[in-house]
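Trainee: Here's a sequence, model it:
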Amino acid sequence: MILRIARFRHGRRGFRPSHWGLRLAATALTLGVVLHPAASHASPAAATTAPVTQMAHISVVATGQGSPVILIPGLSSPRAVWDGVVPGLARDHRVYVVQVNGFGGDAPGANLAPGILDGVVADLHALIAKERIAGAAVVGHSMGGLAALMLAKAHPADAGKLMIVDSLPFIGTLFAPGASVAAIEPQARAMRDAQAASYGKPASEAMATATADRLAAKAASRTQVAAWFKTADPRVSGQAMYEDLTTDLRPAMAGIATPITVVYPFAPTGTTRAQADALYKAAYADAPHVTFVAIGDAAHFVMLDQPAAFAAALTAFAAR
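Mentor: The predicted structure is shown next:
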């Protein structure tokens, strides 16, 4: 994939992202638009024998003992995205694995109404208070990374440290350096409405495959990603996508004192190391305490493409 600066193109067709921007922006666009799962055919992404704590906007499975770590998946992703790292973490940590209601084949609950991201943050805050785990290590992938930043902004004592996995304070910067919420909102609203209207229609296998191919680098990763996304409720995916696209935390970054570790991928055939470094360091330049960890030969689902490297980075982060 070749790096090109995105340009906003106004008019009846709205904006169009750059070729490079599609790699990460697809998490907020393609996942919420091209997949049209029929809820009646959805099934949970993975069975679990651990007790599930059900909340209005999320459910949580806890395992292990030790210092607390909270894992938040991204848009349309189930908690199973963390399956590769939970057993190792649980040897030394109490691990809380989140799933957003409406993803992974779960019932949508309160997520059929606007305010999904705020609801996720509120539920996380309530969970931390109930479990008495203030100062937990909080890890979020994609939209989950944005939710983690929102939690640190709204409740500074909740997270002792953050790991943000391939996520930005404002995804609109992938469309143009000067992008704003106002410029993006009309197109985001149209995509949200189109996604909601797809509820109950069959999934497109071709589109699911194309989406997974953009977001994962390895064949096995792509197969898993495509299967997961077909279980997400499109009404929830559409609204969550809209909120992801229209949330801009850039003005808040200087005030987030929580230490942040940003993990991001690069690949010889996609975004180069230099390009990825420049993007993420610019995006988090205002954060007072930030560390960057780049993982090569990977795409957006870095934990699937490079499980050993990601597990090592997560283990080191949790142990600090």
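
Trainee: which residues sit against stretch 122-135?
Mentor: Stretch 122-135 has contacts (CB atoms under 8 Å, 6 or more residues apart in numbering) with 53, 55-58, 60, 62, 68, 70, 72, 94, 96, 98, 136, 138, 147, 151, 154-155, 157-160. For the C-beta atoms, the positions are set from N, CA and C on the backbone; glycine is no exception.

Trainee: Low-confidence regions, this protein specifically.
Mentor: By pLDDT under 70, the weakly predicted segments of the chain are 1-49.

Trainee: mind listing the strands for it?
Mentor: For the chain, the strands defined by DSSP state E cover 52-54, 58-63, 67-72, 93-100, 136-141, 159-165, 260-266, 290-296.

Trainee: out of those strands, nearest to residue 307?
Mentor: With CB to CB as the measure, strand 290-296 is the member of the strands of the chain nearest residue 307 (10.4 Å).

Trainee: these two touch, right, residue 266 and residue 298?
Mentor: Yes: look at residue 266 against residue 298 with CB atoms under 8 Å: they come within range, at 7.5 Å.

Trainee: More neighbours: which of those two?
Mentor: residue 298 (26 against 21; other CB atoms under 10 Å).

Trainee: isn't the more buried one right up against residue 307?
Mentor: No: if you go by CB under 8 Å, residue 298 and residue 307 don't touch, sitting 9.8 Å apart.

Trainee: and residue 170, how far is that from residue 250?
Mentor: 5 Å (CB to CB, to the nearest Å).

Trainee: quick one, which of those two is more surrounded?
Mentor: Shown here are residue 170 and residue 250; by other CB under 10 Å, residue 170 has more neighbours (21 against 15).

Trainee: List the contacts of the more buried one.
Mentor: Applying CB under 8 Å, 6+ apart to residue 170 gives the contacts 179, 181, 247-250, 283.

Trainee: Could you pull out the helices in the stretch 151-300 of the chain for me?
Mentor: For the stretch 151-300 of the chain, the helices defined by DSSP state H, counting those that start in this stretch occupy 181-197, 205-215, 219-229, 234-245, 273-283.

Trainee: now the angle from the second one to helix 219-229?
Mentor: Which is helix 205-215. Taking axes from the mean of the first three to the mean of the last three CA atoms, to 10 degrees, one finds helix 205-215 and helix 219-229 inclined to each other by 120 degrees.

Trainee: Next, the buried residues of helix 205-215.
Mentor: Within helix 205-215, the residues that qualify as buried are 207-208, 210-215, counting by 16 or more other CB atoms under 10 Å.

Trainee: same question, the last one
Mentor: By neighbour count, with 16+ other CB under 10 Å as the criterion, the buried positions of helix 273-283 are 276, 279-280, 283.

Trainee: again with the first one
Mentor: Buried residues in helix 181-197, counted by 16+ other CB under 10 Å: 183-184, 187-188, 191-192, 195-196.
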